[in-house]
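Student: Predicted structure and sequence below. I'll ask about it afterward.
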Amino acid sequence: MTFDIVTIFPAMIEHALAQGIIGRAIERGTLDVKVHDLRDFTTDRHRVVDDVPYGGGPGMVLKPDPIFRALDAIAAKRGAPLAVIMTSPQGTRFTQAKAGQLSGLEHVVLLCGRYEGFDERVRERVTEELSIGDYVLTGGELPALVVLDAVARFVPGVVGDEQSVVQDSFSRGLLDHPQYTRPPEIDALRVPDVLMSGNHAEIRRWRKREALSRTLDRRPDLLDAASLDDEEVQMLRQLKGARHERD
Ligand code: SAM
């Protein structure tokens with residue numbers, strides 16, 4: 001999958017992308033990521049990318065012309081992207097479902113804002129605006145990295161064990177079950193016996209029940225849209241009954 005990221009801080013993106021699973025996927029060529037310095041698409045001596053807002057007010061606004069030129073150059077060199085995403089706190093909330101959907105596209109461009117954000121006319125060149133949450137960051141670099149990372153995990157060959165992506169929190173509308181590793185006991189905190197029992201049917205049932213229990217406690221809102229099998233529907237009924245009696 002191909003990503004192009006437009007930013008005024010390329011080093012911030014490049015350092016982050018060089019690490020871990022994403023770094024290895026780029027090295028292998030499973031992901032093709034190119035980071036573009038927005039200043040390379042300016043035409044003045046000082047490489048200015050921002051200007052004061054019309055009508056007055058605080059802060060600066062990212063000028064549209066360097067962004068338009070960056071998008072034209074990307075389309076000319078790397079082919080027309082299937083999505084041009086503006087990072088913005090005003091955008092649609094980014095979710096795991098959205099990450100899965102975007103992973104089906106071959107080529108995605110991510111635009112990182114700064115200052116007071118983009119000149120409104122940039123919106124004419126984007127296919128969608130994504131927000132990573134209801135808070136305001138200083139720039140779109142972290143949101144772009146969040147989007148790329150979550151999308152890339154769905155791209156075949158990026159995460160070693162693809163089952164782990166299927167089991168992750170949110171993938172089926174449930175939070176993931178608890179995980180344990182060695183040692184079996186630390187400071188009197190023991191790994192649940194069932195996980196060390198070697199009984200795979202019991203382990204599977206325990207994990208299902210724990211995922212449901214966790215979701216019920218922490219994110220009951222997810223359960224309405226979760227796709228549950230018959231066993232899970234029955235487990236959920238029992239868990240709700242037990243909580244009802246407890247409360
Ligand atoms: N004045 C803008 C507003 O209130 O909508 C906020 C601009 S913010 C300081 C600068 C840039 O950071 C934005 O253009 C966007 O690229 C990025 N950004 C900040 N918070 C974000 C969020 N929650 N999700 C996605 N991008 C965000």
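Tutor: Perfect, I can see it now.
Student: can we go C-alpha only for contacts and neighbour counts from here?
Tutor: Noted.
Student: Show me what from the chain comes close to the ligand.
Tutor: By C-alpha under 6 Å from any ligand atom, the residues of the chain that approach the ligand are 87-90, 112-118, 130-140, 143.
Student: Is there a quick PyMOL command that grabs whichever of those residues are buried?
Tutor: In PyMOL, a selection of the buried entries from the residues of the chain next to the ligand looks like this (16 or more other C-alpha atoms under 10 Å):
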select buried, resi 87+88+89+112+113+114+115+116+117+118+130+131+132+133+137+139+140+143
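Student: Not counting sequence-adjacent ones, nearest residue to residue 239?
Tutor: Nearest non-adjacent residue to residue 239, counting by C-alpha to C-alpha, 6 or more residues apart in numbering: residue 213, 6.8 Å away.
Student: just checking, what's the longest helix in this structure?
Tutor: helix 200-218 (DSSP state H).
Student: Which strands or helices does the one helix or strand in the chain whose mean pLDDT sits lowest pack on?
Tutor: Least confident helix or strand of the chain, by mean pLDDT, DSSP states H and E, is helix 162-167 with a mean of 82. On a contact count with 3 or more C-alpha pairs under 8 Å, 6 or more residues apart in numbering; DSSP states H and E, helix 162-167 meets no helix or strand.
Student: give me the number of residues near the residue lying closest to residue 216 once chain neighbours are set aside?
Tutor: In space, and not counting its chain neighbours, residue 216 is closest to residue 223: 7.3 Å by C-alpha to C-alpha, 6+ apart. Residue 223: 17 surrounding residues under other C-alpha atoms under 10 Å.
Student: What pLDDT does the model give residue 4?
Tutor: For residue 4, the pLDDT comes out at 98.
Student: Could you list everything it pairs with in the sheet?
Tutor: residue 34, residue 109 (DSSP bridges).
Student: For it, the count of nearby residues, please.
Tutor: Residue 4 is flanked by 21 other residues according to other C-alpha under 10 Å.
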